[in-house]
Every structure is written in structure tokens, then in C-alpha cells.
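A.B. asks: Could you look at this predicted model? Sequence included:
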Amino acid sequence: MAKIHPKATVDLPSLATSHNRKATKREVFTVWMKSLIMNSKGCTVFDSSGGIVYRVDNYDCERSSEVYLMDCGGKVVFTILKKKCSLLKTWKGYGSIGLEERRTLFQVKKSLSFKRRESLYEVTVWTDTPRPSYYFIQGHGTSRSACNITKRLGGLMAEVKEKRSSSGVSLGDDVLTMSVEPEFDHSLATGLLVVYGLFNHSL
């Protein structure tokens, strides 16, 4: 665990801290594309102090069609579902686990492209404003989970890349650094990273 996050201690869950979902400055998180639960697929997100902020523990299988993004206390932040009977692969994020209370908060679908290896995904986010916001997720680097989240009209909102030690050594393609720009929702950035991982079978 110390290899993934040098500041972390053995008793990580008790050190988990609550975070505002938006901050006035750029924040950096460590993402381990593994679950802390034995025999479970998922990922764990640590803050700069080594506390757990978000986690996914997928007990069913590697390619589940329903995933829950939780905070450090186990409260569901997003229910992420794979849309069935769709021409393009599509995942949707909801703000509740109750069927009657579900509200679509974001949608991610594979972008139409003639380039077979291009890893580009279209994101629509619904907030309290009259019109939705639009973003792209674009893969980069050698890690299947490394990506950039940008506004559709330009502007980097979050960058995910392989984490390196202080000496510049990669910690592996499943240990990542997620840098989130000011005023961009941390939970949304994490939710979009989870969907990107589901698309690329790295989660």
C-alpha cells in the first residue's frame, strides 16, 4: 500500500476524509485500479493525504453492467448502468440507487470514428442549469486507464496518467494520478474515469 501512496498507513479506511466535490484549486488524487475487497473488481481513489475518497467494489464480475461508485463511508455517489439495446455502447450515471428516484446525471458513449484505434468518448452532463454540459474523454499513453477529460469546445478539466515515484519509476499501469482542475466536480471526474475503465475492461 505504501508503494501506491507513500503517506498512507495500514489503517486506511479510518483515515478517509470527506471532501467538497469542487475546490478552488487544482487537486491531485491517486487512483488504484483495484478493489480493496478480496476477489472483487473495482478501484480505490486516495486524496493527497492517503485517505480513501471514493471506491468501487464490483462483487459480480469483471464486465458487470451495473457498478456503484461510493464515498469512503460506503454511501453511493453514482449508480452506473450500461444501456441495453443501443447501437453505440453507452453508460449512464444516476444519482440514486432507488428505481423511482433515479435521475440521469451523465451519459458516456463511444464516439463515431473511422479510426479503429481512436479512443474518444462523448460525455453529456446534466446539472441544475437549463442546458447540459458536454465533454470528451480521450485516451492517451500506454495505460488502458490513462485519459484526459476536456470540454467539448476545449479546455482540460482532468488528466489521468500513470503515477511515478519520486525517482521517476512507474508504479504500474494500474496505479494512476488524477489531476482535477478547479471547480470541476471530483466525483464526476471519478465517475467518468470509472466508465472509461469499463469501456476498456480495466475495471
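C.D. replies: Sure thing, it's come through.
A.B. asks: Let me see the ranges of the helices in this structure.
C.D. replies: Taking DSSP state H as the criterion, the chain carries its helices at 186-199.
A.B. asks: quick one: low-confidence ranges for it?
C.D. replies: Within the chain, the ranges that satisfy pLDDT under 70 run 1-20, 60-63, 85-87, 96-101, 113-118.
A.B. asks: Near Gly95, how many other residues are there?
C.D. replies: The tally of other residues near Gly95 (other Cβ atoms under 10 Å) stands at 15. C-betas here are computed from N, CA, C, even on glycine.
A.B. asks: So what sits opposite the closest residue to Val123 other than its chain neighbours in the bridge?
C.D. replies: Closest residue in space to Val123, ignoring its immediate chain neighbours: Tyr135 at 4.0 Å, by Cβ to Cβ, 6 or more residues apart in numbering. Beta-bridge pairing for Tyr135 (DSSP bridges): Val123, Lys151.
A.B. asks: pretty sure Glu66 is touching Leu81, no?
C.D. replies: Yes. The pair Glu66 and Leu81 qualifies as a contact (Cβ atoms under 8 Å) at a distance of 5.4 Å.
A.B. asks: Compare the two (neighbour count), which wins?
C.D. replies: Leu81 (17 against 11).
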